[in-house]
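Student: structural data only, the sequence is not supplied:
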């Protein structure tokens, strides 16, 4: 037998957690990125303002001699002028004052001169722009201010650049981000906790139910009592109750059958024992004794075979696949098979089989027809008439087997179909009709056995009638 | 003829060995599935009779291993299980025939011999027809004639065909359709009832032979001893 892979079982808790936390985590990531960007932008705007202020401070300390093109700028900015703007010890500020053409007037010559254009609509009234650059291999934010300088001795335009390293801005943005991440993490933790708790609570009835079923006695197949089970569990409970009921029926059936079968098997064994003892004592010639023993063995064999047939019906009942068969054809085949028995009794046989489609296992129909025909032949007097008819009638396939036997005594009618009920033990296993009834029930049909009574009230035979639903021809 | 019987019941072993030996069949027994393959290889039997329920290795496993090992000896499965799929499973696993327990000794012997014959004949060869007898009638396959005691019966070809078909299954009914095909082969324009005429004539010729032609109305005909 091929090994089947065991499917991996995920718990409800795991699925819910995954289902809830995965989107939340995604949301947190997206949110963090966007918040970090916004924080950085806000920090940039705020610190740009400071940068502008520092540039203006420098611009105000400029002197000029000469006019316009000939103007010579002079700066009296001390290197410490910017210290006031270095809000903490994290970031450094550098400045450069240049002429409009880029000639260094004062400050850090390493700071590259600004070559840009002023934006058309600057955010401030002053002629200012902000841009990112690098200074001493560190990223810096630079404010550039075009500062008109006028004095008693001249007038000109100065370019003031103030650069600031980014530590402060980044630190601020990072602090905002970390704060936010903590809050989001807390949220995720709360969601996870609540999910686990809720799932735990919601699945408690399932676990309790499981424990209750587990704790049952092995043979307790009564319906499951769980009045407090949530509504979602009801289909499961109903299904389980249904399964239990089916199992109970099956179990009852089998218990009864095993009990009956054991009794029935003892009968031929007892006979056999007696026959063997009798033969040993020399009560009768060996050949006769062996013939008797052979007959008993035959009976026991038939009994065992029929018990197997009953078991087989049960087995087939669990496997509903069947085919559309012509009952007439099946009966014809069975009649051919058992024709030697008909010949032995020289019966006046007649078969009239019209096509009648039935949905069934072939074995079941064959077994049904064989049992009915066997019974009829068994009870027929030599030379008696035996008529077998198959015809469709009112949505039913009707099989009628009529013999000229003694019929059924009234006292037997009630329990005719029960296992081991029929007739005298010497003539049959008593399972034939039980098999027929089981098959007919499985196929959703009906079976009846009625004495045929002549005008003078004499029983002249038996009619066995089986009705099975006609299969509608497949379109 | 040598048969390996793989069967764990000692009573069954002894009985089969004894009775088949009297019929010139040399039966070697093996009671354990695990040893069956070794014995099978060592003995080179003509036929293996294999019980399905065995200690050690069950019959189907023994069969599967033997077939996988290239051993082509014909196998007759014996089983008391007899459930729905057993027969199919057994034949699919490479068994050549199947006999449910309890079985008839004559039946067992016939099946064993048939398996050996089938295996020795070239595949697809026609089985050798055997003379058939019923009451005082005898069918000789060599001449194709039917004798009543020592006299050849005077029969028309259609009557001969009908009688041969019925003698092939003495005591068993043969359906009218089948008989029609045999008696009027390929003759589509013949009335179906024509078979009854042939039956009527044949029945008259059979009078006093001890064989009787019986009609099962709606089914067919059979030949039986009176």
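Tutor: Nice, I can see it. All of these numbers come straight from a predicted model, not from anything done at the bench.
Student: packing partners of the strand or helix carrying residue A:205?
Tutor: When elements are assigned from DSSP states H and E, residue A:205 belongs to helix A:204-214. Using 3 or more Cβ pairs under 8 Å, 6 or more residues apart in numbering or on different chains; DSSP states H and E as the contact test, no helix or strand touches helix A:204-214. The C-beta positions use only the backbone N, C-alpha and C, and glycine is treated the same way.
Student: burial check on the residue of the stretch 201-350 of chain A found nearest chain B, number of neighbours?
Tutor: Residue of the stretch 201-350 of chain A nearest chain B, by Cβ to the nearest Cβ: residue A:339 (3.3 Å). Residue crowding around residue A:339 was assessed by other Cβ atoms under 10 Å in any protein chain shown; the count is 26.
Student: then the one 4 residues further on?
Tutor: For residue A:343, the neighbour count with other Cβ under 10 Å is 21.
Student: okay, now the unreliable bits of the stretch 1-150 of chain A?
Tutor: Applying pLDDT under 70 to the stretch 1-150 of chain A flags residues A:1-10, A:78-81, A:84-90, A:121-125.
Student: cool, chain B as well?
Tutor: B:81-87, B:121-131.
Student: quick check: domain ranges of it?
Tutor: Domain segmentation of chain B under automatic domain parsing yields B:2-120, B:132-225.
Student: quick one: closest of these to chain A.
Tutor: domain B:132-225 (3.3 Å).
Student: and that closest one, is it in reach of chain A?
Tutor: Yes. Domain B:132-225 reaches chain A (Cβ under 8 Å from any Cβ of the partner chain) through B:171-175, B:214, B:216-220, B:222, B:224.
Student: which of these tops the neighbour count?
Tutor: residue B:173 (28 neighbours).
Student: who are the contact partners of the closest residue to that one other than its chain neighbours?
Tutor: Nearest residue to residue B:173, sequence neighbours excluded (Cβ to Cβ, 6 or more residues apart in numbering or on different chains): residue A:339, at 3.3 Å. Shown in contact with residue A:339 (Cβ atoms under 8 Å, 6 or more residues apart in numbering or on different chains): B:171, B:172, B:173, B:216, B:219, B:220, B:222.
Student: what do you get if the cut-off is 6 Å, keeping everything else the same?
Tutor: Contact analysis of residue A:339 by Cβ atoms under 6 Å, 6 or more residues apart in numbering or on different chains lists B:172, B:173, B:222.
Student: ok, residue A:43 next?
Tutor: Neighbouring residues of residue A:43 by Cβ under 6 Å, 6+ apart: A:169, A:172, A:173.
Student: who touches the first one in this structure?
Tutor: Counting by Cβ under 6 Å, 6+ apart, residue A:169 touches A:43, A:47.
Student: in which helix or strand does it reside?
Tutor: Taking DSSP H and E as the definition, one finds residue A:169 inside helix A:167-202.
Student: run the chain-centre distance for stretch A:287-298.
Tutor: Stretch A:287-298 has its C-alpha centroid displaced from the chain centroid by 60 Å (Cα atoms, centre = their mean, to the nearest Å).
Student: about what we covered before: now the helix holding residue A:205: buried residues?
Tutor: Using 16 or more other Cβ atoms under 10 Å in any protein chain shown as the test for burial, helix A:204-214 gives residue A:209.
Student: now that helix: average pLDDT?
Tutor: What helix A:204-214 shows for mean pLDDT is 83.
Student: report the angle between the axes of that helix and helix A:167-202?
Tutor: 40 degrees (axes from the mean of the first three to the mean of the last three Cα atoms, to 10 degrees).
Student: following the chain past helix A:204-214, name the next helix or strand.
Tutor: Counting by DSSP H and E, the element after helix A:204-214 in chain order, helix or strand, is helix A:234-280.
Student: I'd like to know which elements that following helix is packed against.
Tutor: helix A:286-317 (3 or more Cβ pairs under 6 Å, 6 or more residues apart in numbering or on different chains; DSSP states H and E).
Student: could you see whether chain B lies near the helix it packs on?
Tutor: Yes. Residues of helix A:286-317 contacting chain B under Cβ under 6 Å from any Cβ of the partner chain: A:301, A:308, A:312, A:315.
Student: scan those residues and report the most crowded one.
Tutor: residue A:312 (20 neighbours).
Student: mind listing what's buried along the longest strand along chain A?
Tutor: Looking across chain A with DSSP state E, the single longest strand is strand A:138-151. By 16+ other Cβ under 10 Å, the buried positions in strand A:138-151 come out as A:140, A:141, A:142, A:143, A:144, A:145, A:146, A:147, A:149.
Student: same check, this time on stretch B:200-212
Tutor: In stretch B:200-212, counting by 16+ other Cβ under 10 Å, buried: B:202, B:205, B:206, B:209, B:211, B:212.
Student: in what helix or strand does the second one lie?
Tutor: Element membership of residue B:205, judged by DSSP H and E, is helix B:194-206.
Student: that helix packs against which elements?
Tutor: So helix B:194-206, by 3+ Cβ pairs under 6 Å, 6+ apart, packs with helix B:157-168, helix B:176-183.
Student: let's see it at 8 Å
Tutor: Packed next to helix B:194-206, using 3+ Cβ pairs under 8 Å, 6+ apart, are helix B:157-168, helix B:176-183, strand B:211-216.
Student: so which of the ones you listed gets nearest residue A:160?
Tutor: helix B:176-183 (119.1 Å; Cβ to Cβ).
Student: buried residues in the closest one?
Tutor: Buried residues in helix B:176-183, counted by 16+ other Cβ under 10 Å: B:176, B:179, B:180, B:182, B:183.
Student: which residues touch that helix?
Tutor: B:158, B:161, B:162, B:164, B:165, B:166, B:192, B:195, B:198, B:219, B:220, B:221.
Student: for chain A, what's the longest helix?
Tutor: The longest helix of chain A (DSSP state H) is helix A:12-60.
Student: between it and strand A:138-151, how many degrees?
Tutor: Using the same axes, to 10 degrees: helix A:12-60 against strand A:138-151 is 30 degrees.
Student: so what's the gap between helix A:12-60 and the chain middle?
Tutor: Helix A:12-60 sits 43 Å away from the centroid of its parent chain (Cα atoms, centre = their mean).
Student: done for today, thanks.
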